[in-house]
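Novice: Need coordinates for the below:
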Amino acid sequence: MPAMSFERELLVTAGPDDSWKVLTDVPRLVSWVTIVDQAKELEYLESYTAVLMDKLGPFKLRADLAITVSEVEVGRRIRVRANGEDRQVSSRIGVDAVLTLEPAEDGRTRVRVSGTYEVVGRVATLGSGMIKQKATKIIDEFFTHTAAELGG
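Specialist: Numbers count the residues shown, from 1 in each chain. Prediction:
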């Protein structure tokens, strides 16, 4: 499966500082996405681990994720890469995402997330349609909670 791109944005009522605080609170973010669990901070805004667990067709995927943060511009931009592998179903997942916060009118903030993801191995044989549906669900969950927490 080739890498797939995503991009979404949301205007929230919270200011950039409050938005940054919430959106860099990794344990909170992990609770927003139903298929990600057991997040551990190894070094603040540098490295984390988490577990991705989901059922995709006949496969039960459980991938231990290594998450690295780079290109941090405090209060404005952060780049996150997550890579993991499930040896039981011979599959790997990779995500490269950028979160950008831009001040908007009336003290609000524009939250933008963009990036790519790739799934390779046996799980990828299910087809990009099913994998894309799962990715869309994850992004929807993230933005639903972002709107609820930050007033979107």
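Novice: CA only for contacts and neighbour counts going forward, please
Specialist: Fine.
Novice: What residues of the lengthiest strand in the chain count as buried?
Specialist: Using DSSP state E to define each element, the chain has its longest strand at strand 59-73. Residues of strand 59-73 classed as buried under the neighbour-count rule (16 or more other CA atoms under 10 Å) are 61, 62, 63, 64, 65, 66, 67, 68, 69.
Novice: Partner strands of the following helix or strand past it, with direction?
Specialist: For strand 59-73, the succeeding helix or strand toward the C-terminus, using DSSP states H and E, is strand 77-86. Sheet pairing for strand 77-86, assigned by DSSP bridges, gives strand 59-73 (antiparallel), strand 91-103 (antiparallel).
Novice: Distance to residue 31 and mean pLDDT for those strands - can I get that in CSV?
Specialist: Converted to CSV, the strands paired with strand 77-86 look like this (distance: least, CA to CA, whole Å; pLDDT from 0 to 100):
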stretch, distance to residue 31, mean pLDDT
strand 59-73, 15, 91
strand 91-103, 18, 95
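Novice: which residues are contacting the longest strand of the chain?
Specialist: The set of residues that contact strand 59-73 without belonging to it, under CA atoms under 8 Å, 6 or more residues apart in numbering, is 45-55, 77-86, 89, 92-93, 123.
Novice: Also stretch 95-108?
Specialist: Applying CA under 8 Å, 6+ apart, the external contacts of stretch 95-108 come out as 11-16, 19-20, 75-83, 109-118.
Novice: can you check stretch 29-42 too?
Specialist: With contact meaning CA under 8 Å, 6+ apart, stretch 29-42 is reached by 23, 26-27, 47-54, 138, 141-142, 145.
Novice: Report the lowest-confidence entry in these.
Specialist: Minimum pLDDT for those is recorded at residue 27 (81).
Novice: That one sits in which helix or strand?
Specialist: Under DSSP H and E, the secondary-structure element containing residue 27 is helix 26-32.
Novice: C-terminal to that helix, what's the next element?
Specialist: The helix or strand immediately downstream of helix 26-32 is strand 36-43, counting by DSSP H and E.
Novice: Mind picking out the helix or strand in this protein with the poorest mean pLDDT?
Specialist: Least confident helix or strand, the chain: helix 26-32 with a mean of 87, by mean pLDDT, DSSP states H and E.
Novice: Against residue 140, how distant is the residue of the chain positioned farthest from its centre?
Specialist: Relative to the average C-alpha location in the chain, and by CA atoms, centre = their mean, no residue lies farther out than residue 106, which sits at 27.7 Å. Applying CA to CA, to the nearest Å, one obtains 26 Å for the distance of residue 106 from residue 140.
Novice: Since that was my last question, I'll sign off now.
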